[in-house]
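Visitor: Next one to model:
(2 chains)
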Amino acid sequence: MTGLSIDKLSMRFDLPDGGHVQALQDVSIDLKAGELLSVLGPSGCGKTTLLNIVAGFLAPTSGVMTLNGHTINGPDAERGMVFQQGALFEWMSVRENVGFGPSMKGMPKNNKKEIVDHLLDVVGLQDFKEKAVYELSGGMQQRVALARCLANDPDVILMDEPLGALDALTREKMQSLVLKLWKETGKTIILITHSVEEALLLGERLIVMAPRPGRIHKEYRLPFAELGVNADLREVKKHAEFGPRREEILNMIWDMEEEIMGTKEDAA
Amino acid sequence: MTGIFFVIIYVGIFVGSAFLFTKVLAKGMSDYTSLKTVTFGDESAVRPNRAAGIISIFTIFLMWGIFTGSSLLPGFLHAPGPFMGDTTFTYTSQVEGQAPDDATVTVLVRPRGETVDLPEVDPGEGFAKNDVVSIAQWRSGLVNVDRNDDLNKSDGAKVIAINGQKIAPGETVKTADGTVTLSDKGTPNFAPDKGWQMEPLYLPAPEEVWTRTLQIASEGFRNFTLLEHLGFSLFRVVVGFLLGAIVGIPLGYAMGLSNWFRGWFDPIVEFMRPVPPLALIPLVIIWAGIGETGKIILLFLAALWIMAIAARSGVSGVKISKVHAAYSLGASKAQIMRYVIIPNSLPEIFTGARVAMGVCWGTVVAAELVAAEQGAGMMIMTASKFQNTDIVIMGIILIGVIGFGIDMLMRAAEKFLVPWKGKG
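Guide: Take a look at the predicted model:
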């Protein structure tokens, strides 16, 4: 079977004072190859924990994950990760950063150069390939991060709020780029965000998570990502269904936030 | 007194040049700082004024010249020097039952170390006879005025006045070119005017230091040339530092990567770090003597902890997202070490190396002060024992220049080798 399957994943963190935090409880997700999933939720709902477990950086307390039929235990090049920022290697040039994965595999120089050049064309950084990454703007750095991830040709791309630190204009451009890359490469993508609009635009499927314990609250199938591949994202936002969906999900998250505040007051 | 004038002149040059350069000659600044309306409190708007830097250094040499009577400066700029030449004062001697009698003392004030032939003087009238003595500049001397008198102390003769001014034991009378103080036993003590200049014994003029530098550079000092002295010091620093780095960096890496290493070495490193290397000198001398081995062990210990701590914090400082990124790009542990952890720690290690080189340079000089056959520290210590202040000052300047040079070199190396420092 192809695709990513997450079955009854639970994660419990023990605290030094003897208590514990149930970060995730019985989270199950089935993703077919090539699906684009966005995960949304208030802070503390365990979405980053979920991503770290899928990436293999954390071992879950219970639950099983399989990718294309084999069990996941530990990080691997088949699951690439794009971080919010600051995960580029500033001692390497743009070209070396993008070529990092192939270099680690020991790929011959010519093949590597071909891949790197192609990806730099795709993300539009061909003119910057000999620059140091710290000389680039935030948006360019995230494009390097995307290209670096794609250079390894992973089966699944995990994105942890990759556009969170960008300004609104750059962010919109990058959203289009993510959609374009998704369509062109056909990768399975899980994208974590705390922007409702971004989750709607970049989610073929959308999961809203609830906190305490972290769990799946509601799941949607949305048409916007498919529309956004060929259209201006501002046009997509004018879609009749977009506004109501956004309001619905915003209300949902506001209710959760209020609930958290309420329980906090009760505890006090 | 001299100190006050010194401060007044120094502050005067400071204020005067500041006024001249910032108010009178100030051309409009052309960079963007000139557009700032708020510069007070804006640290980024404060940069060293180049003119101030040049004048500051120039002023140091100027003050040095003024107060040492340097031949590099025209005479009118010199602070008043010590008196030199011949001067006289008269004393009045009294013996009971006789009229008081005056006599003149001629004092020949000459530079220190100069031999003086005392001229014959006319003894004059009365029981008190004229005297002649010589006294060195900046010194004072008892004048046994009654030695040649017809009636002396044993006859009850007493000095009661100098230049006609009454004087009692312990009191002082100002004369034309100095002061006369009557000692407790009634003997006049003449001190020629010292002026405001520093005695060469304390501070030689700049040109004397320069001549001495040229002389030492060509003749050497204590069986070694100047370059050998400095070279030995540098050699010890480089060898000690390299050994410290060779052991310290891997130790720091191990401490940053393994719980066991961290637990094992943390108490040792944290204890040894605050121990000043100078405090180890006596122990190192006991163990290894005053030869090269002892010096290098000392510098090794000085550099070791600094390098270990720098490497440790370099490893600990790696952002976990970078390590995660490398793992998810398929890197093995060894590859993460080679391509992520080591390059990420290099800026910290370079900072540590700069600190360690500075500490080593200071430590080697101190160790050589204590005991050494050769080296910059030994040179100034030996010179000070023989009151060769010019060599001491030359040594201090050379030590400073080399220390500064080491730091500049390390900075340049850092800029060239780890340009990503602080950019992560």
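Visitor: what residues does chain A put near chain B?
Guide: A:52, A:55-57, A:75-77, A:79-81, A:83-84, A:86-91, A:100-101, A:104-105, A:132, A:134, A:148-149, A:152, A:154, A:158 (C-beta under 8 Å from any C-beta of the partner chain). C-beta: built from backbone N, CA, C; applies to glycine.
Visitor: mind listing the helices for the stretch 301-424 of chain B?
Guide: Assigned helices in the stretch 301-424 of chain B, in chain order: B:320-328, B:333-336, B:342-370, B:376-385, B:389-417 (criterion: DSSP state H, counting those that start in this stretch).
Visitor: Where does residue B:146 fall, secondary structure wise?
Guide: For residue B:146, there is no host helix or strand (DSSP states H and E).
Visitor: What sits closest to it if chain neighbours are left out?
Guide: Residue nearest to residue B:146 in three dimensions, not counting chain neighbours: residue B:152, with 3.8 Å by C-beta to C-beta, 6 or more residues apart in numbering or on different chains.
Visitor: need the contact list for residue A:123.
Guide: Residue A:123 is in contact with A:143, A:144, A:146, A:147, A:177, counting by C-beta atoms under 8 Å, 6 or more residues apart in numbering or on different chains.
Visitor: and if we set it to 6 Å?
Guide: Counting by C-beta atoms under 6 Å, 6 or more residues apart in numbering or on different chains, residue A:123 makes contact with A:143, A:147.
Visitor: Would you mind measuring from it to chain B?
Guide: 16 Å (C-beta to the nearest C-beta, to the nearest Å).
Visitor: Show me what residue A:11 bridges to in the sheet.
Guide: In this structure, residue A:11 bridges to residue A:24 when assessed by DSSP bridges.
Visitor: Mind giving me the packing neighbours of the host helix or strand of residue A:13?
Guide: Assessed by DSSP H and E, residue A:13 sits inside strand A:4-14. Secondary-structure packing of strand A:4-14 (3 or more C-beta pairs under 6 Å, 6 or more residues apart in numbering or on different chains; DSSP states H and E): strand A:20-31, strand A:62-67.
Visitor: Now do the same contact list for the residue in the stretch 301-424 of chain B positioned nearest to chain A.
Guide: Shortest the stretch 301-424 of chain B-to-chain A distance, computed as C-beta to the nearest C-beta: residue-wise this is residue B:330, at 3.0 Å. By C-beta under 6 Å, 6+ apart, residue B:330 lies in contact with A:77, A:101, A:104.
Visitor: By pLDDT, give me the weakest of these.
Guide: Minimum pLDDT for those is recorded at residue A:77 (86).
Visitor: got the phi/psi numbers for the closest residue to it other than its chain neighbours?
Guide: Spatial nearest neighbour of residue A:77, chain neighbours left out: residue B:330 (3.0 Å); criterion: C-beta to C-beta, 6+ apart. Main-chain dihedrals, residue B:330, degrees, to the nearest 10: phi 90, psi 20.
Visitor: re the thing from before, not counting its own residues, what contacts the strand holding residue A:13?
Guide: Among residues not part of strand A:4-14, those counted as contacts by C-beta under 6 Å, 6+ apart are A:20-31, A:49, A:60-67, A:156, A:188.
Visitor: In it, which residues are buried?
Guide: A:4, A:5, A:6, A:9, A:10, A:11 (16 or more other C-beta atoms under 10 Å in any protein chain shown).
Visitor: chain center to that strand: distance?
Guide: 17 Å (C-alpha atoms, centre = their mean, to the nearest Å).
Visitor: for stretch A:124-144, same thing?
Guide: Computed by C-alpha atoms, centre = their mean, the chain-centroid distance of stretch A:124-144 equals 20 Å.
Visitor: Contacts for it next, please.
Guide: With C-beta under 6 Å, 6+ apart, stretch A:124-144 has contacts from A:88, A:90, A:93-95, A:97, A:120, A:123, A:162, A:165-166, A:170, B:423.
Visitor: possible to save the helices of the stretch 301-424 of chain B as TSV with distance to residue B:197 and mean pLDDT?
Guide: As requested, the helices of the stretch 301-424 of chain B are exported to TSV (distance: least, C-beta to C-beta, whole Å; pLDDT from 0 to 100):
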stretch	distance to residue B:197	mean pLDDT
helix B:320-328	64	92
helix B:333-336	67	93
helix B:342-370	29	94
helix B:376-385	21	93
helix B:389-417	14	94
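Visitor: Export the ones you listed as CSV, with columns for distance to residue B:291 and mean neighbour count.
Guide: Compiled in CSV, these are given as follows (distance: least, C-beta to C-beta, whole Å; neighbours: other C-beta atoms under 10 Å in any protein chain shown):
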stretch, distance to residue B:291, mean neighbour count
helix B:320-328, 46, 21
helix B:333-336, 42, 14
helix B:342-370, 11, 22
helix B:376-385, 12, 21
helix B:389-417, 21, 16
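Visitor: can you put these in a markdown table and add distance to residue B:223?
Guide: Shown next, in a markdown table, are these (distance: least, C-beta to C-beta, whole Å):
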| stretch | distance to residue B:223 |
| --- | --- |
| helix B:320-328 | 56 |
| helix B:333-336 | 53 |
| helix B:342-370 | 15 |
| helix B:376-385 | 11 |
| helix B:389-417 | 15 |
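Visitor: Distance to chain A added to the ones you listed, as JSON lines?
Guide: Listed next are the helices of the stretch 301-424 of chain B as JSON lines, based on distance: least, C-beta to the nearest C-beta, whole Å:
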{"stretch": "helix B:320-328", "distance to chain A": "4"}
{"stretch": "helix B:333-336", "distance to chain A": "5"}
{"stretch": "helix B:342-370", "distance to chain A": "4"}
{"stretch": "helix B:376-385", "distance to chain A": "37"}
{"stretch": "helix B:389-417", "distance to chain A": "10"}
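Visitor: about what we covered before: would you mind finding the most buried of the helices and strands packed on strand A:4-14?
Guide: With neighbours taken as mean count of other C-beta atoms under 10 Å in any protein chain shown, the helices and strands packed on strand A:4-14 reach their highest mean count in strand A:20-31, at a mean of 18.
Visitor: Does anything pack onto that one? Which helices or strands?
Guide: Where contact means 3+ C-beta pairs under 6 Å, 6+ apart, strand A:20-31 is packed against strand A:4-14.
Visitor: Residue A:70 and residue A:149, how far apart?
Guide: 21 Å (C-beta to C-beta, to the nearest Å).
Visitor: Have a look at these two and say which one is more surrounded.
Guide: residue A:149 (29 against 10; other C-beta atoms under 10 Å in any protein chain shown).
Visitor: Can I take it that that one is in a helix?
Guide: Yes: counting by DSSP: H, G, I helix; E, B strand; the rest coil, residue A:149 is part of a helix.
Visitor: quick one, what contacts it?
Guide: Here residue A:149 is in contact with A:80, A:82, A:157 (C-beta under 6 Å, 6+ apart).
Visitor: how about a cut-off of 8 Å?
Guide: Contacts of residue A:149 (C-beta under 8 Å, 6+ apart): A:80, A:81, A:82, A:101, A:157, B:328, B:329.
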